[in-house]
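> 3D model of this:
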Amino acid sequence: MIDVVAVLAKESSLTESQVRSALQLAGEGGSVPFIARYRKERIGEMSEPQLRALLDRHASLEELEGRKQTALKAIEEEGKLTDELRSRIDSCVRKTELEDLSLPFRPKKRTRAAVAREKGLETLARFIASLNAPDVTEADLESEAAKYVSAEKGVATPEEALAGASDILSEETASKGEHRSFLRDYIAREGVFVSTIKEKYPEGTTKFEMYRDYKVPVKSVQPHNVLAMRRGERSGIIRVDIVVNEEFVQNHLEATELFAANEKVRHFYSTMLKESYQRLLHGPLVNEVRSAKKEHADLESIKTFEANLRDVLLSAPVGMKPIMGVAPGFKSGCKVATIDGTGKLIEHHTIHPFASPEEKQKAATLVTELLQKHGIQFVAVGNGAGSRETDQFLAEVLNALPVRPLKVTVNEAGASVYSTSKLAKEEFPNMDATVRAAISIGRRLQDPLAELVKIDPRSIGVGQYQHDVDQKLLKRKLEETVQSCVNYVSVDVNVASRELLRYVAGINGALASNIVAYRSEHGSFANREQLRSVPTMGPNNFEQAAGFLRIRGGDSPLDATGVHPENYEVAKQILSDLGMSLEDLPKKSYLLKKADAHRYVTETLAEPTLKDILIELQRPGKDPRKEFRYATFKEEIKEIKDLAAGMELEGVVTNVTNFGAFVDVGVHHDGLVHVSQLADRYVSDPKTIVKVGQIVKVKVLEVNEPLKRISLTMKGMAPHPPRPKKGKKPQRPRDEKTYTLDDLKSKFSNR
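Modelled structure (predicted):
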């Protein structure tokens, strides 16, 4: 067996001590967020992505060890296991290595070679192989083959006998691991992807047009092209192959397999080797290379999805303030939901501002009453169909107010998924799905993370070819991303939903339900120690979760920080040495800059954790997410037909892919900023320039209204202007005149 720790250390450029500690902690039930945050000393400050990659690779090596034992047992049962073969199999660290070594010993289907052996042609194949030597000059293949002609065995002619012997030698050649390894690498290094569109699809009739006559080296093909070609194949529209220089392949095989001096034997072997490659090696090896490229494309696509999802989940919240959520609609009307500062629904209504002037006036009156009645500070408008029209209507209502709430367009991707889910029905029974969507839109502005965890991450709309990648891997990686984000932000245990709590390190769905039930029965938690009283909250659960659960306004200010309870005593000692008490936080937190972390180092507590403690004490309860910003769409731009080349607009990035970024400029169809248009320099990875949710300035390059395509550029565009900071109500620059409800009714009745 291989030394797994040594292999992992070498591959990941870590020390064996780091690897061993990480594996031990994970084996003891430690979650990745907990180990990365609270056990930095033991893993050498390994980052969370590093730790996840290490554990993933460890799992694959463990699986490989199991495959090795199965292969060794099977070969040994056949009586063909040698010490050399055992050693080579034991030292494998890649699945392809093991497969190449074990292939000759695997049970085979009834191949042409198997049929030839049944006909008794194995001896003839061995005779011809003995002639493949430089010191053999005389050979009469036909005469030898004639000895094997037998009507009983189904060999009619000497030519059939020679063909059967060739089949046996072809299969043996194709089963050699050294050939498969060399040619697999050669195809990956020098092969060319070639795709064509089937004849029954005339030019311009398919979305795969760019693959009509497409050629790209295998080594440089982009992940999104790999996935697109596979999608085209599955759709039955395009054909894809990998072509290589077969003359080079033939020369390689002859150089390693052909040693005969006799011309007839040389011709036989040359023909046999050509057939071996074309019939038995090319197809399987091309499929292996394509599978490897697909696996790589999956990983890259999933990485992009993870990065986009992280940006969405960590979008700046406006905070727990009174909000009006609006789900736009024409025929069925707009659903309006008012939500209080805790996310609780106050009331909901349906308005029809586009039905008639009378209905518009009624809608304006109702919205105004709701805004004033509940002290609404933000209006969240979904960006679905009717968004711009609804936005304009609300702007007219808000413009009439002396102090107006901020109106923000919210990406409602996934809101419909939530609104029809079992969870939404349990939370808001006997309520229309569109009303639930309005509530979700409002809550999404309050705290994106808390609301979006209720939705399958695949439904949030920030993926790239998400339906074409490995779905099990995608689901697992997105779940890990959600868990990482939740623990990075932390959770207020007294207001968090079950869905949010279940992503906290050490907490599963059942324990999350128990926490919510305990909270409902006993009231808010006053301190972290009370969590131990929750049913099924064991010592390990508490250790894992406590540092990520916040209790604001409780018994101790430390419970509102990321300081783990196991480190409370050292935190108090630090404060005491600075002449501070817990009550001095945060008003005297500046004094903590004088603290020397090294002074408090012990055998079990090193500087990395101590520095984290000091950071937490300096900003107790601070949300690590950025301050809230919002994009402003031009009022006159509502539909794609309103766009024209040269227009400069503000928009918000909705998705980032390997080939560019999609930007919402307020016309229901996102525009594409191709990777070549992201900056005035070469950009290899769009994620280094833009992130989902980022506000950007763009210029329209081209508009294709029939195809609903908008081409944008960010080249030479100035950064977006500053926005009002979170929590401040922007004052409208106008006179001091105020309006009564009767004034507003009159205003809208005259329109």
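> got the contact list for residue 552?
492, 494, 560, 621 (CB atoms under 8 Å, 6 or more residues apart in numbering). Every residue, glycine included, has its C-beta placed from N, CA and C.
> rerun that using 7 Å as the cut-off
Shown in contact with residue 552 (CB atoms under 7 Å, 6 or more residues apart in numbering): 492, 560, 621.
> show me the strands in the stretch 301-450 of the chain, by range?
Along the stretch 301-450 of the chain, counting by DSSP state E, counting those that start in this stretch, strands occupy 323-327, 334-339, 345-351, 378-382, 406-410.
> burial of residue 47, as a residue count?
Here the number of neighbours of residue 47 (other CB atoms under 10 Å) works out to 11.
> before we move on, back to that, please identify which of the contacts of residue 552 is nearest to residue 519.
residue 492 (11.1 Å; CB to CB).
> how many neighbours does the nearest residue to that closest one once chain neighbours are set aside have?
Spatially, and ignoring its direct neighbours in sequence, residue 492 is nearest to residue 550 (5.1 Å; CB to CB, 6 or more residues apart in numbering). When neighbours are defined as other CB under 10 Å, residue 550 has 22 of them.
> what is the helix or strand hosting residue 62 packed up against?
Using DSSP states H and E, residue 62 sits within helix 48-77. Contacts defined by 3 or more CB pairs under 7 Å, 6 or more residues apart in numbering; DSSP states H and E place helix 48-77 against helix 4-12, helix 16-27, helix 32-38, helix 83-90, helix 95-102.
> out of these, deepest packed?
helix 32-38 (a mean of 23; mean count of other CB atoms under 10 Å).
> let me see the mean pLDDT of that one.
Averaging the model's pLDDT scores along helix 32-38 yields 96.
> can you pull out the residues in contact with the following helix or strand past it?
Using DSSP H and E, the helix or strand that follows helix 32-38 in sequence is helix 40-43. Under the contact criterion CB under 7 Å, 6+ apart, helix 40-43 has outside partners 18, 21-22, 25, 35, 51, 606, 608-609.
> mind picking the two most distant members of those?
Across the contacts of helix 40-43 (CB to CB), the longest gap, 17.3 Å, separates 51 and 606.
> mind saving the C-alpha coords of stretch 611-621 as CSV?
Taking Å, rounded to 0.1, in the frame of the first residue of the first chain, the C-alpha atoms of stretch 611-621 are listed here in CSV:
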residue,chain,number,x,y,z
LYS,A,611,-5.0,37.0,16.6
ASP,A,612,-8.5,35.9,15.6
ILE,A,613,-9.7,36.5,19.2
LEU,A,614,-8.3,40.1,19.1
ILE,A,615,-10.0,40.8,15.8
GLU,A,616,-13.3,39.6,17.1
LEU,A,617,-13.0,41.6,20.3
GLN,A,618,-12.3,44.8,18.2
ARG,A,619,-15.4,44.3,16.2
PRO,A,620,-17.9,42.4,18.3
GLY,A,621,-21.0,41.4,16.3
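> flag every buried residue along it.
Within stretch 611-621, the residues that count as buried by 16 or more other CB atoms under 10 Å are 612-614, 616-618, 620-621.
> list just the nearest of those to residue 361.
Using CB to CB, the buried residues of stretch 611-621 come closest to residue 361 at residue 621, 45.3 Å.
> including pLDDT, secondary structure and distance to residue 118, could the contacts of residue 552 go into JSON lines?
As requested, the contacts of residue 552 are exported to JSON lines (pLDDT from 0 to 100; DSSP: H, G, I helix; E, B strand; the rest coil; distance: CB to CB, whole Å):
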{"residue": "492", "pLDDT": "94", "secondary structure": "strand", "distance to residue 118": "74"}
{"residue": "560", "pLDDT": "93", "secondary structure": "helix", "distance to residue 118": "78"}
{"residue": "621", "pLDDT": "79", "secondary structure": "coil", "distance to residue 118": "78"}
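> need those residues in CSV with distance to residue 60, can you?
Below are these laid out as CSV (distance: CB to CB, whole Å):
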residue, distance to residue 60
492, 38
560, 40
621, 40
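> sorry, back to before: any chance of the helices and strands packed on helix 48-77 in JSON lines, plus distance to residue 568?
Shown next, in JSON lines, are the helices and strands packed on helix 48-77 (distance: least, CB to CB, whole Å):
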{"stretch": "helix 4-12", "distance to residue 568": "34"}
{"stretch": "helix 16-27", "distance to residue 568": "22"}
{"stretch": "helix 32-38", "distance to residue 568": "13"}
{"stretch": "helix 83-90", "distance to residue 568": "49"}
{"stretch": "helix 95-102", "distance to residue 568": "48"}
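> roughly how far does residue 447 sit from residue 561?
Applying CB to CB, to the nearest Å, the value for residue 447 to residue 561 is 19 Å.
> same drill for these two, tell me which one is more crowded.
Using other CB under 10 Å, the more surrounded residue of residue 447 and residue 561 is residue 561, with 25 against 22.
> helices of the stretch 451-600 of the chain, start to end?
Taking DSSP state H, counting those that start in this stretch as the criterion, the stretch 451-600 of the chain carries its helices at 471-489, 498-501, 509-522, 539-545, 568-577.
> which parts of the longest helix anywhere in the chain are buried?
When the chain is parsed with DSSP state H, its longest helix is helix 282-313. For helix 282-313, burial by neighbour count (16+ other CB under 10 Å) applies to 282, 285-286, 288-290, 293-294, 297-298, 300-313.
> which helices and strands does it pack with?
helix 177-190, helix 223-234, strand 238-243, helix 448-452, helix 471-489, strand 648-657.
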